[in-house]
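Asker: Kindly return the folded structure for what I paste below:
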Amino acid sequence: MAVFFITGRHGNERPPTIANLKKVGYDGWTDLRMREPGDQTEVRVFKTAERAKIAARGFTIIANVGDQQSDLDGGYAERTFRVPNPFYFLP
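Answerer: Numbers count the residues shown, from 1 in each chain. Model prediction:
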């Protein structure tokens, strides 16, 4: 099983993002997809495009987990799971 993280963060935040993932126990994942510095693509559009790229590489995305509806919209996953986030909400 391959695990991919897709975030709306920009690539210049890669080192602290990786440190945070490792700090909370996420290790051995396949890839971390981030926007290029200065990329102003809407996060929902970026994440959908990244899932499409992963699927095009032959992976079947069996589960897509996110805390905002924009994390889940756009398809390319067999199932989606929205987890609660009491700290912020993106309409």
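Asker: immediately after the longest strand anywhere in the chain, which helix or strand?
Answerer: In the chain, with assignment by DSSP state E, the single longest strand is strand 4-10. Using DSSP states H and E, the helix or strand that follows strand 4-10 in sequence is helix 14-23.
Asker: Any chance you could give me the worst-scoring helix or strand of the chain on mean pLDDT in PDB, C-alpha atoms only?
Answerer: Lowest by mean pLDDT, DSSP states H and E among the helices and strands of the chain is helix 69-72, with a mean of 92. In PDB, the C-alpha atoms belonging to helix 69-72 read as follows (Å, rounded to 0.1, in the frame of the first residue of the first chain):
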ATOM      1  CA  GLN A  69     -14.800  19.200   1.900                       C
ATOM      2  CA  SER A  70     -12.300  20.800  -0.600                       C
ATOM      3  CA  ASP A  71      -9.900  17.900   0.300                       C
ATOM      4  CA  LEU A  72     -12.400  15.400  -0.900                       C
END
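Asker: Going toward the C-terminus from that helix, what's the next helix or strand?
Answerer: Next in sequence after helix 69-72, counting helices and strands by DSSP H and E, comes strand 80-82.
Asker: List of residues touching the longest strand of the chain?
Answerer: 17, 21, 26, 29-39, 43, 46-47, 50-51, 54, 59 (C-beta atoms under 8 Å, 6 or more residues apart in numbering). Every residue, glycine included, has its C-beta placed from N, CA and C.
Asker: rerun at 7 Å
Answerer: Applying C-beta atoms under 7 Å, 6 or more residues apart in numbering, the external contacts of strand 4-10 come out as 17, 21, 29-37, 39, 43, 46-47, 50-51, 54.
Asker: From the residues you listed, which land in strands?
Answerer: 31-35.
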